[in-house]
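K.L.:
Structure for the following, please:
(2 chains, ligands or ions: 5)
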Amino acid sequence: MENILEYLKEERAQAWRDELRKKIKSKDRTAIVRVKMHEQDHDIRSRNNLEVNLGLKKEEAVIEAQRCLDCVTPTCIKGCPVNINIPKFVKKIEKEDFLGAAKVLKETNSLPAVCGRVCPQEKQCEQECFYTQKLKLAPVAIGYLERFAADFERESGMSSTPDVAENNGIKVASIGSGPAALAWASDMARFGYKVTVFEALHEIGGVLKYGIPEFRLPNKIVDFEIDNMKKMGIEFRTNFIVGKTMTIDDLREAGYKAFFVGSGAGLPRFMNIPGENAIGVFSANEYLTRINLMNAAKINFDTPVLSGLNVAIIGGGNTAMDSVRTAKRLGAEHAMIIYRRSEEEMPARIEEVKHAKEEGIEFLNLNNPVEYKFDKNGKVTSMILQKMVLGEPDASGRRSPVPLENSEYEIPVDTVVVAVGTSPNPLIPASVSGLKTTRWGTIVVNEDMQSSIEDIYAGGDIVRGGATVILAMGDGRTAAAAMHKNLAKKLLTK
Amino acid sequence: MNKIVEKVIFSENVTKFVVEAPEIARSRKAGHFVIIRLDESGERVPLTIAGSDPEKGTITLVVQRVGVTSAKLLEKNVGDVIKDVAGPLGTATHIAKVGTVLAAGGGVGVAPLLPIVEEFKKAGNRVLTVIAARNKNLIILEEEMRRYSDELIIMTDDGSYGQKGLVTHGMESFINKEKISEAIVIGPAIMMKYAALTTKKYGIPTQASLNTIMVDGTGMCGACRVTVGGKTKFVCVDGPEFDAHQVDFDEMLLKLNAYKTEEKEAYERYLKSKN
Ligand SMILES: Cc1cc2nc3c(=O)[nH]c(=O)nc-3n(C[C@H](O)[C@H](O)[C@H](O)COP(=O)(O)OP(=O)(O)OC[C@H]3O[C@@H](n4cnc5c(N)ncnc54)[C@H](O)[C@@H]3O)c2cc1C
Ligand SMILES: Cc1cc2nc3c(=O)[nH]c(=O)nc-3n(C[C@H](O)[C@H](O)[C@H](O)COP(=O)(O)OP(=O)(O)OC[C@H]3O[C@@H](n4cnc5c(N)ncnc54)[C@H](O)[C@@H]3O)c2cc1C
Ligand code: SF4
Ligand code: SF4
Ligand code: FES
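P.N.:
Ligands and ions are numbered 1, 2, ... in the order given. Here you go, the predicted structure:
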């Protein structure tokens, strides 16, 4: 930590930063109003699948960057799980060196265009910004600026592939291709390893592809980064289920020296209430996968999806918001969120809740389903809801919901999407003997993200049991650094 | 990209394909399946691995025409490719020396039954097999089945081949003759339902291999969930084989029709597009 602070201080002391700081008085900087994101009109966007946020214009980004005070102690950095040098990249934007800003981002974050879009900034970097903490004003729009710089670089055609060290011939592999594995793979390639990414599905990207919809994160942005990684020499193998197609033992025999498990929290949870197996009741994973991965809503694709007029989504997280807004886009008249707590406790990003409301999503907060009813064909027709009240705070610190007696009532539904969370994917833990797991099925790791088996590291949702893109990426990077150190000691010095 | 290296047409609606998939050929066991996707716009469809040749690096699939994907696959020829083949998926059949095994296959269910019959035979069991179909043209893999069965009965609904009657009749004629230790049934859900009721009557432990609708096949979506013994199970990871006496076949039968309208429309569109 000492070193980082020292480094940040040196960076801040550079002449160009000093000059910029002097150009505008702090008082004038704080007087600037936080920029507003351009958005597609809510009436139009709720009928298409195009991205809702349209990005900032150059001039807007520069003015927003001027708000940043280039603090002596930039607390914002503490709020970012991968410690992006935030003031440095923001000041590069103020200086109109946009490519330079992107380069700063890429020092610590290989997917800035993704994080700028999907990070819960209000709980991370922007939460710790001086504006939020001390001035009680809207924070610097760090997420918007990150997205701006990354998009600018991509669209400029001048995006550079990171330098990689000379190939050391050592083979390493990841299991999964979500953000954790991608961050791990790009660091390992930079260190000079021969990296293979094994993915069970036919697409690379994990939740970024099959979960988060196009209107929040266009696939082309993820694909651009994956193409870049291919140029770095990383090999991608799709349709390859580690533990099934080949086991980790088989791969060891094939010459792989270390593994990173980034297999995610793919197992959908259900509530185990009557009628939950009726036709028309989906897990959010199935609903979103049919639409995002299999393109079910497009006419020339073969996969079907049922999406009716009265669609209820159970849950209050990002997955629930993505599902409900998808239902709206597929033509639902009533696209409803059924959440057992109140809006205050909702774990979804604030921006998603705001967008959902603008799009006409109905919120049935403090409601919980207790039963689904279905017709003679097994198709869901209605649900019984129970009203809830908030009680004492529980272990998560949120006030826990308590059912209100005799408050049951029935509403008609033809599609239900259950988005009450996922559990760790059990495939790898089940196929590797001796791998230590918790009672929730997550893999146990030390501070280096190393598991109970020396050559197996793990990170992301398989360790955390459901977190965020940036935390998963941070894990991937920590694992890569430790793995490199370990392998170098063991193999390269021989 | 997996190349088709052999194609044998069994009947108008059933075809065998041998497909390149070296890693799967080495890892698969009886009871495993793959998920295939024909092309960029295709859906993911589960198919049982009916056999494999680890040396040549190939797997065998036997496909019945029911809708768009199977129809498109049946049109493929030697040299064509299947874009994605993922597997082997599911839990392998538990094969042991138990004594006498009764194996019953209906329609295209005979294909996935073949490797299981083969393994039971190789494990030293006496194997009694019933294969059933609507008519003579739909009976498949008779020769192969005979090779690994001690006795074989063929049943057709219309009596055009073998004996006239349902699969359950064939099963009962074995059951009445000798003591059966274990039974395995694979076929259309409705056939498995009645086959399970039959063995239940005689108290014979029975496995059924379920063919629910699937998407990913790795336990990620829950599309394949069924109720077994009152609990929700995922066919792709917990199965596909389950205790047949515990399976809620009525629920499963309804779920298979979840997309009937959509699938019928898609199939009609597909037929039209060919004219
Ligand atoms: C709908 C939805 C919306 C979300 N929105 C946000 C958001 O706005 N902001 C945010 O920060 N986070 C969000 N999250 C959470 C975030 O996406 C996850 O925390 C993150 O993707 C976890 O990354 P990961 O690399 O651990 O795994 P994943 O992204 O889950 O990827 C794991 C991959 O591993 C593959 N795999 C599993 N087992 C095997 C195997 N045996 N062999 C080969 N491959 C295997 C899987 O197929 C999958 O592709 C959202 C999640 C969902 C579902
Ligand atoms: C584990 C497993 C193993 C399987 N093995 C084989 C195999 O070896 N050979 C083979 O030919 N088929 C097999 N199946 C069934 C096969 O996956 C389906 O026939 C296929 O998905 C149909 O796709 P389609 O697009 O041609 O028809 P669709 O258009 O999807 O379906 C047309 C109609 O067929 C019925 N149908 C749909 N899916 C199924 C199903 N899973 N079972 C029965 N009826 C269905 C429905 O009533 C539907 O309306 C297996 C299924 C599972 C789950
Ligand atoms: S990666 Fe996420 S937390 Fe870090 S600075 Fe960017 S938006 Fe903030
Ligand atoms: S805390 Fe806020 S104002 Fe200070 S450097 Fe960070 S972003 Fe700029
Ligand atoms: S097919 Fe998706 S969980 Fe079984």
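K.L.:
Assumed residue A:338 was part of a helix.
P.N.:
No - per DSSP: H, G, I helix; E, B strand; the rest coil, residue A:338 lies outside any helix segment and is strand.
K.L.:
Tell me the confidence at it?
P.N.:
If you check residue A:338, the pLDDT there is 97.
K.L.:
measure residue B:206 to residue A:359 for me?
P.N.:
Per CB to CB, to the nearest Å, residue B:206 is found 51 Å from residue A:359. To be clear about C-beta, it is placed using only N, CA and C from the backbone, and glycine gets the same treatment.
K.L.:
These two: which is more packed in?
P.N.:
Taking other CB atoms under 10 Å in any protein chain shown, residue B:206 and residue A:359 do not tie; residue B:206 has more neighbours (27 against 19).
K.L.:
who touches the more buried one in this structure?
P.N.:
If you count contacts by CB atoms under 8 Å, 6 or more residues apart in numbering or on different chains, residue B:206 has them with B:182, B:183, B:184, B:185, B:195, B:196, B:199, B:200, B:243, B:244, B:245.
K.L.:
If you rank the residues you listed by neighbours, which is first?
P.N.:
Ranked by neighbour count (other CB under 10 Å), these have residue B:195 at the top, with 31 neighbours.
K.L.:
That one touches residue B:187, doesn't it?
P.N.:
Yes - contact status for residue B:195 versus residue B:187: in contact at 7.5 Å, counting by CB atoms under 8 Å.
K.L.:
which residues are common contacts for these two?
P.N.:
Joint contacts of residue B:195 and residue B:187 (CB under 8 Å, 6+ apart) are B:104, B:106, B:167.
K.L.:
The second one against residue B:167, yeah?
P.N.:
Yes - with contact defined as CB under 8 Å, residue B:106 and residue B:167 form a contacting pair (5.2 Å).
K.L.:
Which neighbours do the two have in common?
P.N.:
Residues touching both residue B:106 and residue B:167 (CB under 8 Å, 6+ apart): B:132, B:187, B:191, B:195.
K.L.:
From these, list just the buried residues.
P.N.:
B:132, B:187, B:191, B:195 (16 or more other CB atoms under 10 Å in any protein chain shown).
K.L.:
out of those residues, which are inside strands?
P.N.:
Among these, the members found in strands (DSSP state E) are residue B:132.
K.L.:
now the buried ones among the shared contacts of residue B:106 and residue B:167 as CSV including distance to residue A:43 and pLDDT?
P.N.:
Converted to CSV, these look like this (distance: CB to CB, whole Å; pLDDT from 0 to 100):
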residue, distance to residue A:43, pLDDT
B:132, 58, 92
B:187, 52, 91
B:191, 52, 90
B:195, 56, 93
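K.L.:
CSV please, covering the buried ones among the shared contacts of residue B:106 and residue B:167 and showing distance to ligand 4.
P.N.:
As requested, those are arranged in CSV below (distance: CB to the nearest ligand atom, whole Å):
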residue, distance to ligand 4
B:132, 72
B:187, 65
B:191, 67
B:195, 68
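K.L.:
Show me which of the buried ones among the shared contacts of residue B:106 and residue B:167 is closest to ligand 5.
P.N.:
Closest approach to ligand 5 among these (CB to the nearest ligand atom): residue B:187, at 20.2 Å.
K.L.:
Quick check: that closest one touching residue B:107?
P.N.:
Yes - with contacts counted by CB under 8 Å, residue B:187 reaches residue B:107, the gap being 5.5 Å.
K.L.:
any shared contact partners between those two?
P.N.:
Taking CB under 8 Å, 6+ apart as the contact rule, residue B:187 and residue B:107 both touch residue B:132.
K.L.:
where does residue A:186 fall, helix, sheet strand or coil?
P.N.:
The three-state assignment at residue A:186 reads helix, by three-state DSSP.
K.L.:
Need the max-distance pair from the contacts of residue B:206.
P.N.:
Farthest apart among those by CB to CB are B:184 and B:200. That separation is 14.2 Å.
K.L.:
For ligand 1, see how far away the residue nearest to residue A:315 when sequence neighbours are not counted is.
P.N.:
Once flanking residues are discounted, residue A:315 sits nearest to residue A:419: 3.5 Å by CB to CB, 6 or more residues apart in numbering or on different chains. When distance is defined by CB to the nearest ligand atom, to the nearest Å, residue A:419 is 8 Å away from ligand 1.
K.L.:
Same check on residue A:327?
P.N.:
For residue A:327 relative to ligand 1 (CB to the nearest ligand atom), the value is 13 Å.
K.L.:
Kindly export the helix or strand that residue falls within (C-alpha atoms) in CSV.
P.N.:
Using DSSP states H and E, residue A:327 sits in helix A:318-329. Taking Å, rounded to 0.1, in the frame of the first residue of the first chain, the C-alpha atoms of helix A:318-329 are listed here in CSV:
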residue,chain,number,x,y,z
ASN,A,318,-29.6,-6.8,-11.8
THR,A,319,-30.8,-10.1,-13.1
ALA,A,320,-34.4,-9.3,-12.3
MET,A,321,-34.1,-5.8,-13.9
ASP,A,322,-32.6,-7.3,-17.0
SER,A,323,-35.4,-9.9,-17.2
VAL,A,324,-38.2,-7.5,-16.6
ARG,A,325,-37.0,-5.0,-19.2
THR,A,326,-36.5,-7.8,-21.6
ALA,A,327,-40.1,-8.9,-21.1
LYS,A,328,-41.2,-5.3,-21.8
ARG,A,329,-39.2,-5.3,-25.0
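K.L.:
Now do the residue nearest to residue A:464 when sequence neighbours are not counted against residue A:329, distance only.
P.N.:
Using CB to CB, 6+ apart and skipping the chain neighbours, the partner closest in space to residue A:464 is residue A:471 (6.4 Å). According to CB to CB, residue A:471 and residue A:329 sit 28 Å apart.
K.L.:
picking that back up, could you verify my assumption that the residue nearest to residue A:315 touches residue A:325?
P.N.:
No - taking CB under 8 Å as the definition, residue A:419 is not a contact partner of residue A:325, at 11.9 Å.
K.L.:
in chain B, which segments are predicted with low confidence?
P.N.:
Within chain B, the segments meeting pLDDT under 70 span B:274-275.
K.L.:
In terms of helices and strands, where is the residue in chain A that ligand 2 sits nearest to?
P.N.:
In chain A, the residue that lies nearest ligand 2 is residue A:302 (6.6 Å; CB to the nearest ligand atom). According to DSSP H and E, residue A:302 maps onto no helix or strand at all.
K.L.:
How about the contacts made by it?
P.N.:
Residues counted as contacts of residue A:302 (CB under 8 Å, 6+ apart) are B:41, B:42, B:43, B:68, B:69, B:266.
K.L.:
Do you know the pLDDT at it?
P.N.:
pLDDT for residue A:302: 77.
K.L.:
Excluding residues flanking it in the chain, which one is nearest it?
P.N.:
That would be residue B:43: by CB to CB, 6+ apart, it lies 4.2 Å from residue A:302.
K.L.:
Correct me if wrong: that neighbour contacts residue A:293.
P.N.:
No - counting by CB under 8 Å, residue B:43 does not reach residue A:293; the two are 10.7 Å apart.
K.L.:
out of these two, which sits in the busier spot?
P.N.:
Higher neighbour count among residue B:43 and residue A:293: residue B:43, with 24 against 21, using other CB under 10 Å.
K.L.:
what secondary structure does the more buried one sit in?
P.N.:
Per three-state DSSP, residue B:43 ends up coil.
K.L.:
measure it to residue B:150 for me?
P.N.:
Going from residue B:43 to residue B:150 by CB to CB gives 40 Å.
K.L.:
Residue A:471 now?
P.N.:
From residue A:471 to residue B:150 the distance is 59 Å (CB to CB).
K.L.:
more crowded one of those two?
P.N.:
Legend: neighbour count by other CB under 10 Å for residue A:471 and residue B:150, higher for residue A:471 (20 against 13).
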